[in-house]
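Peer 1: I'll drop the sequence and a predicted model, then ask my questions.
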Amino acid sequence: MSDSTNDNDTNFVAQHGQWSSRWMFIMAATGSAVGLGNIWKFPYMAGKSGGGAFVIVYLICIALIGLPVLMAEISLGRRGRQSPINAMKNLIAEAKANKFWVAIGWSGMLAGFLILSYYSVIAGWALVYIFKTALGDFAGLPADQIQGQFAALVADPFQLIIWHSVFMLMVMIVLARGVERGLEVAVRYLMPALMALLVMLLYYAVTQADFQAGVDFLFVADFSQLTFGSFISAMGHAFFTLSLGMGAIMVYGAYLPKNINIISAAVPIVVADTLVAILAGLIIFPIVFANGLEPAAGPSLIFETLPIAFGQMPGGTFWGTIFFVLLVFAAWTSAISLVEPAIAWIVEKGWSRTVSVYAVGMLTWLFGLLTVFSFNDWAFEFEFAGLVKSNGFFDAIDILTSIIMLPIGGILIAIFCGWIMPRAAIKEELALSSSRVEKWWGVSVRYVAPIGVSIVMIYLILGN
Ligand code: PHE
């Protein structure tokens with residue numbers, strides 16, 4: 001490597017900091033990946049699409065597209081060594097490519113901002129539910145009253161705004177402390193805690209709930225339930241759950257020291273993320289079935305159905321509280337990664353990190369109000385790919401980001417990495433030890449990912 005690259009590297013580290021080890025990168029990226037997507041979205045999506053068949057499509061998308069694109073995104077981030085927008089500029093210069101490719105950085109930054117705006121509102125619900133369960137608000141109540149409590153919460157913009165604000169504040173405090181003192185410290189404590197809570201809940205599901213029914217629901221496939229809508233949701237969710245296609249992984253990759261091997265960092269992230277989604281399902285469905293409830297509730301699955309179960313099962317106050325703490329921890333470590341691309345970009349413009357964080361945070365908070373009012377005053381219904389959506393802007397932002405922006409961002413990343421970057425540069429970055437793995441990766445990013453995602457997109461545009 002030339003001296004000038006080393007100088008750039010020193011400047012970069014001085015400006016942003018970097019992960020102190022491979023393990024910290026894995027924890028941070030896993031923290032980004034494991035979030036509301038795994039514990040809130042995945043189970044309700046599987047519930048709505050009949051379980052097993054959805055899970056299979058999702059797993060195929062993760063293995064065939066998720067892992068190779070994750071490796072591509074980390075490589076581009078570390079090679080570009082700046083916020084996604086500026087990293088793309090550096091890479092374009094290196095590859096002598098068209099300026100158009102900066103779009104990857106811009107669209108990613110925008111997607112992260114949009115996702116966090118609603119993510120924070122939902123995380124706010126989880127915060128409320130920690131207190132509700134801990135205070136025994138559900139204990140012994142009939143189902144309709146527990147559902148009534150959720151309905152009352154989302155009907156009250158004032159309450160939603162308060163909890164949305166609390167969560168945004170939690171996120172901004174971590175971000176303002178920077179990569180090493182903020183992000184790294186947060187994941188160092190939150191990730192092990194998250195794993196411990198997950199194991200405790202799993203123990204409950206296996207020993208006390210209807211575990212077998214949960215297993216059957218998740219792993220016995222009924223393909224007749226699979227529609228184009230659920231297929232496309234599974235693909236979009238593969239990007240969402242791995243935090244792909246929007247620069248979060250790219251900027252985390254930029255903070256990855258040069259000497260760390262990318263595939264050995266990427267595989268554990270994918271495994272951990274998939275495992276948490278499956279385990280979340282294996283915790284939630286056994287509890288739902290053991291209490292004679294239905295899994296197909298949609299977004300309210302864990303805020304209505306699960307609390308009914310917590311209300312009637314022995315020890316429900318304890319287990320319920322643990323569940324919602326888990327959810328908040330997971331959401332927290334994901335939320336910080338959603339706006340890190342934007343913050344890094346503003347820092348590179350010469351602003352202080354604190355000012356950047358609060359500027360981005362305020363803007364995200366404000367935009368989040370669209371989601372707040374989607375559940376009450378401004379609710380409207382529409383249909384998308386055969387799925388009926390009833391929460392206006394919230395659903396629209398979710399679809400725009402996870403079904404459109406992330407998959408498109410993801411294939412652009414794959415194409416840029418596979419076709420535009422000089423092969424030698426990517427080879428150096430990835431440093432794959434086996435030529436078979438190198439071939440598999442090349443075929444995936446050059447053909448499988450772009451063609452697979454394009455076919456789904458074309459179907460979508462043609463109106464299936
Ligand atoms: N992966 C996160 C989740 O599953 C969401 C996320 C998407 C985070 C994109 C960062 C970037 O909840």
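Peer 2: Arrived safely, thanks for sending.

Peer 1: quick one, strands of the stretch 301-450 of the chain?
Peer 2: 382-384, 387-389 (DSSP state E, counting those that start in this stretch).

Peer 1: can you list the ones you listed in TSV and add mean pLDDT?
Peer 2: TSV is the format used below for these (pLDDT from 0 to 100):
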stretch	mean pLDDT
strand 382-384	87
strand 387-389	81
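
Peer 1: just name the most buried of those strands.
Peer 2: Highest mean neighbour count of the strands of the stretch 301-450 of the chain: strand 387-389, a mean of 16 (counted as mean count of other Cβ atoms under 10 Å). All C-beta spots, glycine's among them, are computed from the backbone N, C-alpha and C.

Peer 1: contact residues of the stretch 1-150 of the chain facing the ligand?
Peer 2: 32-33, 35-38, 115 (Cβ under 6 Å from any ligand atom).

Peer 1: mind listing the helices for the stretch 251-400 of the chain?
Peer 2: Counting by DSSP state H, counting those that start in this stretch, the segments of the stretch 251-400 of the chain that form helices are 262-290, 306-312, 316-348, 353-374, 392-398.

Peer 1: would you list the phi and psi of residue 143?
Peer 2: phi -50, psi -50 (degrees, to the nearest 10).

Peer 1: how much space separates it from residue 324?
Peer 2: According to Cβ to Cβ, to the nearest Å, residue 143 and residue 324 sit 19 Å apart.

Peer 1: what do you get for residue 14?
Peer 2: In terms of Cβ to Cβ, residue 14 sits 40 Å off from residue 324.

Peer 1: looking at these two, which is more packed in?
Peer 2: residue 324 (26 against 8; other Cβ atoms under 10 Å).

Peer 1: relative to the ligand, how far out is that one?
Peer 2: 15 Å (Cβ to the nearest ligand atom, to the nearest Å).

Peer 1: is it true that that residue touches residue 135?
Peer 2: No. Using Cβ atoms under 8 Å, residue 324 makes no contact with residue 135, being 11.9 Å away.

Peer 1: with respect to the helices of the stretch 251-400 of the chain, which exhibits the lowest mean confidence?
Peer 2: Mean pLDDT per stretch puts helix 306-312 lowest among the helices of the stretch 251-400 of the chain, at a mean of 90.

Peer 1: show me what from the stretch 151-300 of the chain comes close to the ligand.
Peer 2: 240-241, 243, 246, 248.

Peer 1: out of the strands of the stretch 301-450 of the chain, nearest to residue 348?
Peer 2: Residue 348 sits nearest to strand 382-384 of all these, at 36.5 Å, using Cβ to Cβ.

Peer 1: who are the packing partners of that closest one?
Peer 2: When contacts are defined as 3 or more Cβ pairs under 8 Å, 6 or more residues apart in numbering; DSSP states H and E, strand 382-384 sits against strand 387-389, helix 392-398.

Peer 1: same question for the helix or strand encompassing residue 30, mean pLDDT?
Peer 2: Using DSSP states H and E, residue 30 sits within helix 22-33. Average pLDDT, helix 22-33: 96.
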